[in-house]
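**Student:** Have a look at this prediction, sequence included:
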Amino acid sequence: MTIISNKLTSHVVVGVGKASDLRTYLPATLDSHLVNQAILQAKQTAFTGKLGEAVTLHLAKDKGFITLILVGVCGHTGTVNAFRELGAFVADYCKNFKPEAVSFCIHGVISTDLSDEMQTTQFLFGFSQAVYNLENDQNVHINLPMPKEVHILGGSKTLVNFLQNNLLPILKGSEFSRMLANTPPNLMMPEHFLKHCKDELEPLGVTVSCLDHNDLESEQMNLLLAVGKGSVHKPKLIVLEWKNNKKSNPIALVGKGLMFDSGGYCVKPGAGQYSMKLDMTGAASIAGAMKTIALQNIDLPIVAVIAAAENSIHSDAYCPDDILHAHSGHTVEIIDTDAEGRLALADALSYTVKYFDPRCIIDAATLTYAAIVIMGSYYIPFCSNNDQLAADLEEAGRISGDLAWRAPFAPQEYLESHIADLKNVGKVFYPHVKGSSGHACGSGIGATFLQNFIPEDTPWAHLDLIGASVEWKNGSLRAYRHSHSGENVALLVTYLQGVATKE
């Protein structure tokens, strides 16, 4: 897709706040004859300009006609999410047109504190989400049928250059991320994920390497091995490196890649099994970010480490009551085999610290459903041991539109074990209820578990993605239920852009 300024195409989308003032909203590129046609036709419809309304007009010109789509924006709140929703609404409304080129006149017509760049970026991001098409055929083609050309009417060269150089690489990274996460698990196991990374990233200059089962045994990565022990698809540790020339310490991204999570012997109920192909969304988001990083040629050494496995049930699978020896040397008592993501991540984090000595680490995982309880589906909760890193991530969220919010850690005492260094889930007490206790797998407890594998002087943040990255709701923006949205790529890339700018 190419983004161009100020060209009138055969399909034009215009945001309108008040139908009676239509002339003031129409782009200057429409001549007076076309403007008069539009006003006359609009008066013959019930269109008022309210949010959620749209009408199609056909304007005759010397050769052919222009399809003018008026979209109501009265009542638009001017927020990031509202612009995404508007873009998705437009895409859904235009789905039958399938234009190869479309002109938008949206920015500047809505009262908002957001810049023109932010308005247009979020509108087009929402548009791209809604036109996403998932074809469940044998080859599993996942397409993003965006128009070949998008024209921004009234857009400056600065705005267009920003969209071309910043938004488009993010959309391509998000598309790659969605393909990885949304492919059915029988076609996306660790070996498939590795092949896709090689095919997609190596031509862009990303170095892709892998530790297979024997390598993991040699490294004593027993937590990751245990998680994947019940599957015929052996676990892998996949390493993606960008400009890691050893001249300076890299920034590390670490992803949870559970290609399918049955829960193991602590098996999920039937309804809970559905959509568990998405338990590798953290890994998919990081792989998508690495694609964008390469396309933008971000001048930073970056290493991504992905713990890829399937948590399945087998006579040889790991069990509650097991004691596992981690790569770091910690011993872990297994209470719940469905709290497996933190185990895989723990070994990946330990390996990353040992071999790459990163200046900071950000891990991304669909770790707990508690993340949805904490933040819903529009914020990414994260825990961090470093105030500056936390502030930078929240700022990257505001800039990118992938909003992030710092959450607290749980007390370390919740993870105390009598027979090991740690338990893999916590214990929550209700002192007002006599004898009441239970095991907890909350977001803060998961983060506290992982913190044990991070050196105190290494800045680190843990992103719990399940609410913001998975399409849990129906509607224009979240149009394909139980699929990966492609969000989080922009957050990671924007943070890295900020670091690169400061160097």
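**Tutor:** Received the coordinates, thanks.

**Student:** pLDDT score for Met290?
**Tutor:** The predicted local distance difference test score for Met290 is 98.

**Student:** so who does it touch?
**Tutor:** By C-beta atoms under 8 Å, 6 or more residues apart in numbering, the contact list for Met290 reads 173, 201, 206, 240, 242, 253, 302, 304. To be clear about C-beta, it is placed using only N, CA and C from the backbone, and glycine gets the same treatment.

**Student:** Only whichever of the residues you listed are buried, select them in PyMOL.
**Tutor:** Once 16 or more other C-beta atoms under 10 Å is used to decide burial, the buried members of these can be selected in PyMOL as follows:
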select buried, resi 173+201+206+240+242+253+302+304
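
**Student:** Is it possible to get the contacts of Met290 out as JSON lines so that each row also shows pLDDT, secondary structure and distance to Gly52?
**Tutor:** Rendered in JSON lines, the data for the contacts of Met290 read as follows (pLDDT from 0 to 100; DSSP: H, G, I helix; E, B strand; the rest coil; distance: C-beta to C-beta, whole Å):
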{"residue": "Gly173", "pLDDT": "95", "secondary structure": "helix", "distance to Gly52": "31"}
{"residue": "Leu201", "pLDDT": "98", "secondary structure": "helix", "distance to Gly52": "41"}
{"residue": "Val206", "pLDDT": "98", "secondary structure": "coil", "distance to Gly52": "43"}
{"residue": "Leu240", "pLDDT": "98", "secondary structure": "strand", "distance to Gly52": "42"}
{"residue": "Trp242", "pLDDT": "97", "secondary structure": "strand", "distance to Gly52": "43"}
{"residue": "Leu253", "pLDDT": "98", "secondary structure": "strand", "distance to Gly52": "39"}
{"residue": "Ile302", "pLDDT": "98", "secondary structure": "strand", "distance to Gly52": "42"}
{"residue": "Ala304", "pLDDT": "98", "secondary structure": "strand", "distance to Gly52": "41"}
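
**Student:** Could you export the contacts of Met290 as a markdown table, including distance to Gln164?
**Tutor:** Rendered in a markdown table, the data for the contacts of Met290 read as follows (distance: C-beta to C-beta, whole Å):
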| residue | distance to Gln164 |
| --- | --- |
| Gly173 | 15 |
| Leu201 | 22 |
| Val206 | 22 |
| Leu240 | 25 |
| Trp242 | 22 |
| Leu253 | 25 |
| Ile302 | 23 |
| Ala304 | 25 |
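
**Student:** so which of the contacts of Met290 comes closest to Glu416?
**Tutor:** Nearest to Glu416 among these, counting by C-beta to C-beta, is Leu253 at 30.3 Å.

**Student:** In contact with the closest one: list those residues for me.
**Tutor:** 286, 289-290, 302-305, 361-364, 492 are the contacts of Leu253 under C-beta under 8 Å, 6+ apart.

**Student:** make it 6 Å
**Tutor:** By C-beta atoms under 6 Å, 6 or more residues apart in numbering, the contact set of Leu253 is 286, 304, 362.

**Student:** and the residue of the chain most remote from its centre, how far is that from His33?
**Tutor:** Checked against the mean C-alpha position of the chain, the extreme residue using C-alpha atoms, centre = their mean is Asp62, at a distance of 45.8 Å. For Asp62, the distance to His33 equals 10 Å [C-beta to C-beta, to the nearest Å].

**Student:** For Asp502, grab the count of nearby residues.
**Tutor:** Let me fix one detail, which is that residue 502 is Lys and not Asp. Here the neighbour count serves as a burial measure; for Lys502 (other C-beta atoms under 10 Å) it reads 7.

**Student:** cool, Leu403 as well?
**Tutor:** Under the criterion other C-beta under 10 Å, the count of neighbours that Leu403 has is 19.

**Student:** my guess is it meets Tyr379, correct?
**Tutor:** Yes - between Leu403 and Tyr379 a contact is recorded at 5.0 Å, counting by C-beta atoms under 6 Å.

**Student:** where does the stretch 351-500 of the chain have low pLDDT?
**Tutor:** By pLDDT under 70, the weakly predicted segments of the stretch 351-500 of the chain are 427-441, 467-482.

**Student:** Tell me where it has helices.
**Tutor:** Along the stretch 351-500 of the chain, the stretches classed as helices by DSSP state H, counting those that start in this stretch are 370-375, 387-400, 443-451, 466-469, 489-502.

**Student:** Which other helices and strands does the last one contact?
**Tutor:** Under the contact criterion of 3 or more C-beta pairs under 6 Å, 6 or more residues apart in numbering; DSSP states H and E, helix 489-502 touches helix 168-182, helix 281-296, helix 387-400.

**Student:** Using CSV, write out every CA atom in that helix.
**Tutor:** Coordinates of the C-alpha atoms in helix 489-502 are reproduced here as CSV (Å, rounded to 0.1, in the frame of the first residue of the first chain):
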residue,chain,number,x,y,z
VAL,A,489,3.6,-4.2,17.8
ALA,A,490,3.3,-0.4,17.7
LEU,A,491,3.9,-0.2,21.5
LEU,A,492,7.2,-2.1,21.3
VAL,A,493,8.4,-0.3,18.1
THR,A,494,7.5,3.1,19.5
TYR,A,495,9.4,2.4,22.7
LEU,A,496,12.5,1.3,20.7
GLN,A,497,12.2,4.4,18.4
GLY,A,498,12.3,6.5,21.5
VAL,A,499,15.5,4.8,22.8
ALA,A,500,17.1,5.2,19.4
THR,A,501,16.3,8.9,19.2
LYS,A,502,18.0,9.5,22.5
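
**Student:** which residues touch it?
**Tutor:** Taking C-beta under 6 Å, 6+ apart as the criterion, the residues outside helix 489-502 that touch it are 170, 173-174, 177, 285, 288-289, 292, 298-300, 393, 396-397, 399-400, 402.

**Student:** ok, now the second one?
**Tutor:** With contacts defined as C-beta under 6 Å, 6+ apart, helix 387-400 is touched by 360, 384, 403-404, 406, 459, 461, 490-491, 494-495.
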